[in-house]
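[1] how would this look folded up:
(2 chains, ligands or ions: 2)
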Amino acid sequence: MTWDEMRPLLTQACSETFQMVGWSALIAVAAGLPIGVLLVLTDRGGLLQNPPVNKVLGAVVNIGRSLPFLILMVALMTFTRWVVGTTIGVEAAVVPLSIGALPFFARLVETSVRGVDHGLVEAVQSMGGSTWTIVRKVLVPEALPSVISGVTTTVIALLGYSAMAGSVGAGGLGDLAIRYGYQRFETGLMNVTVLVLVVVVTAVQLLGDLAARAVDKRGRGSTSGPRLRLLRTPARATAATSSSATASSATETS
Amino acid sequence: MITTAGLTKVYRSRGRDLTALDGVDLHVREGEVFGVVGQSGAGKSTLIRCVNLLERPTSGTVTVAGQELTALAGRGKRTSRELRSARSRIGMVFQHFNLLSSRTVQGNVELPLEILGADGKERSRRAGELLDLVGLADKAKAYPAQLSGGQKQRVGIARALAGDPQVLLSDEATSALDPETTRSILQLLRDLNRRLGLTVLLITHEMDVIKTVCDSAALMKEGRIVESGTVPELLATPGSELAHELFPIGEVPSSDGRTIVDLTFHGEAAAQPVISRLARTYNVDVSILGAAIETVAGLQVGRMRIELPGRFEDNVVPIGFLREQGLQVDVAGPEAAPAPRQPAVEPPHLAHAVKETAK
Ligand SMILES: Nc1ncnc2c1ncn2[C@@H]1O[C@H](COP(=O)(O)OP(=O)(O)OP(=O)(O)O)[C@@H](O)[C@H]1O
Ligand SMILES: [Mg+2]
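    Ligands and ions are numbered 1, 2, ... in the order given. Below you'll find the model as predicted:
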């Protein structure tokens, strides 16, 4: 298979993967964030202490996390058909992907929010802030660097899940690798696909780290300012060069 | 300005009850700086946190600026709107500053104003004023991580003042700072107290803090206030532990057949040559064992420990003479006075602790 033959396949697969991962990450983050915060608030000694709600929420999250993705996907088929009207294609893959990633991300958010110094909560309480104010102005902003790292981890996990979802008809890079590499012995295409996945994962990690560092103001003073600015302006350039560096090293190892 | 009546706090944990506050009656007058000292675990933090109801007292009442906060609290665990609005009129400063790392200095000072619903322009104007007041106008755009401890506490103070409070609560605001910075922060608190008529209730480990800024003080022990009053009152109270702590002249040495007398003199009396007159009039040999003169709450106060030959019974007349001179006389020693007082907070140990936290 020549490069010219591979290119349209790869472009198509990339776009499918990005759509699947993009949409499901968006949904998982949008729903996982409030659930993660709620897990902290309703816990014992929390601002909205409520053991029954906390137990139920925790149990649902744990069940969601303990199911292997493949099983979750099959188990959710009826639900998926009900939501998007079909069980194949990108749209259908987004349903189990977001539901699979949601509890995962919610737990990451929970951990991040627990990391916020309780003294800050008290400070805002002493100013007369309500629980909602505390969530909006303390818990979320203070946990943000760590939450962004959680988003990065979730997106990367979703890239992995999407390979499985792809095999049930949603396409994407994973599906490409299986169909051509495994079933038709197109080792060349498979290697390129793996390479693309490595590059994508590396780029996601790098951008995530950059974003987390950009919002993290906890660093010790004067050094963080200039260093960040140095990194921020040519962010795309840096990402590009280092991913190509990783790519070349990956070629060597493969 | 701040009154607590029968304030009690019991922590229940795993079946065991711990009484952190045991019927505390505190009275802080308007416009004064009131210091609370006591050993670790005495309940000082619990007390100050009960004043703005960050901690719900088990029983008793808290009244701040004429408003009974304990009545506003509501039944359940949730904080009522009335209580939140009352809290916004009580500033609080913390030992570990508790500034939001995600916000600039200005953003931190604006936070209470956001809670009060001030608009953007008003907020930045007020934040500018407050930062000017604490001497940090040039740091408005910096993040807390870029500030020194003393600067962070100044931001903490500016933030506490944003809601225009009449009362400022401070729980060991200087305990994480070095002595130099401590002095400047205390100076600032004193200034604010004078200029804004702010009532300040502060908790501290350090006697120096009481000495430098407080008008009144209280000593806490095991959840109770055991001594309380204005600093001059305390100094004039025979056997006052706080007075003794403010003026440590060391332990009472064993005094077989001699009489040890502690003299405290303020103002006028300090200027008179009392000791030499005593020696001349009664023809006794007076040895001076120790002496200190300091400024406490703006007053010149001195304390001296002298030794007279003979037992207490032999010295009744000279001691009477000293009392006549307007001095406060405490006879220390085995027969006459209560057993040597155990200092509530050991000064050398304290100085050590301060150095440690400064590192
Ligand atoms: N949340 C809590 N749960 C259980 N016990 C508590 C709690 N907070 C404080 N205590 C207990 O109450 C007592 C008084 O504590 P508090 O923090 O008021 O002391 P403190 O005088 O401020 O001490 P320090 O000088 O060390 O700050 C201590 O014995 C402490 O263990
Ligand atoms: Mg304390």
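[2] Once you drop chain neighbours, what's closest to the closest residue to chain A within chain B?
    Closest approach between chain B and chain A, counting by Cβ to the nearest Cβ: residue B:88, at 3.4 Å. Quick note: C-beta positions are derived from backbone N, CA and C, even for glycine. Counting by Cβ to Cβ, 6 or more residues apart in numbering or on different chains, residue B:88 lies nearest to residue A:128, which is 3.4 Å off, once chain neighbours are set aside.
[3] hang on, isn't that neighbour packed against residue B:87?
    Yes. With contact defined as Cβ atoms under 8 Å, residue A:128 reaches residue B:87; the gap is 4.1 Å.
[4] higher neighbour count, those two?
    Taking neighbours as other Cβ atoms under 10 Å in any protein chain shown, residue A:128 and residue B:87 compare with residue B:87 leading, 26 against 22.
[5] Count the residues that sit near the residue of chain B closest to chain A.
    21.
[6] give me the number of residues near the closest residue to residue A:218 other than its chain neighbours?
    Counting by Cβ to Cβ, 6+ apart, residue A:218 lies nearest to residue B:101, which is 4.6 Å off, once chain neighbours are set aside. Using other Cβ under 10 Å, residue B:101 has 18 neighbouring residues.
[7] Next one: residue B:101 from ligand 1, what distance?
    Plainly put, residue B:101 is 24 Å away from ligand 1 if you go by Cβ to the nearest ligand atom, to the nearest Å.
[8] Next up, phi/psi of that residue, please.
    Note on residue B:101: backbone dihedrals following degrees, to the nearest 10 are phi -70, psi -20.
[9] Ok, residue B:309 next?
    The phi/psi pair for residue B:309 (degrees, to the nearest 10) reads phi -70, psi 150.
[10] Which residue would be the closest one in chain A to ligand 1?
    The minimum distance from chain A to ligand 1, using Cβ to the nearest ligand atom, falls at residue A:45 (9.2 Å).
[11] Could you give the bridge partners of residue B:11?
    Note on residue B:11: beta-bridge partners by DSSP bridges are residue B:18.
[12] What's the local residue count around it?
    Counted with other Cβ under 10 Å, residue B:11 comes out at 13.
[13] Next, please give the residue ranges for the helices of the stretch 51-200 of chain B.
    Along the stretch 51-200 of chain B, the stretches classed as helices by DSSP state H, counting those that start in this stretch are B:69-72, B:81-87, B:105-116, B:120-133, B:149-161, B:179-196.
[14] what about the third one, near chain A?
    Yes. Contact check for helix B:105-116 against chain A, using Cβ under 8 Å from any Cβ of the partner chain: residues in range are B:111, B:112, B:114, B:115, B:116.
[15] Most neighbours among the residues you listed, which one?
    Taking other Cβ under 10 Å to define a neighbour, the member of the residues of helix B:105-116 next to chain A with the most is residue B:112, carrying 29 neighbours.
[16] Got phi/psi on residue A:85?
    Residue A:85 adopts backbone torsions of phi 80, psi 0, taken as degrees, to the nearest 10.
[17] separation between it and residue A:27?
    Applying Cβ to Cβ, to the nearest Å, the value for residue A:85 to residue A:27 is 17 Å.
[18] again with residue B:67
    Residue B:67 is 48 Å from residue A:27, by Cβ to Cβ.
[19] So which of the two has more stuff around it?
    Of the pair residue B:67 and residue A:27, residue A:27 is the one with more neighbours under other Cβ under 10 Å, namely 17 against 14.
[20] can you pull the contacts of the closest residue to chain B within chain A?
    Nearest to chain B in chain A, going by Cβ to the nearest Cβ, is residue A:128, at a distance of 3.4 Å. Residues near residue A:128 by Cβ atoms under 8 Å, 6 or more residues apart in numbering or on different chains: B:84, B:85, B:86, B:87, B:88, B:112, B:115, B:116, B:163.
[21] Could you dump these into CSV and include distance to residue A:110?
    Below are the contacts of residue A:128 laid out as CSV (distance: Cβ to Cβ, whole Å):
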residue, distance to residue A:110
B:84, 26
B:85, 31
B:86, 32
B:87, 28
B:88, 30
B:112, 28
B:115, 26
B:116, 31
B:163, 32
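[22] Nearest to residue B:19, out of the residues you listed: which one, please.
    Distance to residue B:19 across the contacts of residue A:128 (Cβ to Cβ) is lowest for residue B:87, with 25.3 Å.
[23] Hmm, residue A:126 and that closest one touching each other?
    Yes. Using Cβ under 8 Å, residue B:87 is in contact with residue A:126, at 6.0 Å.
[24] Alright, that wraps it up for me.
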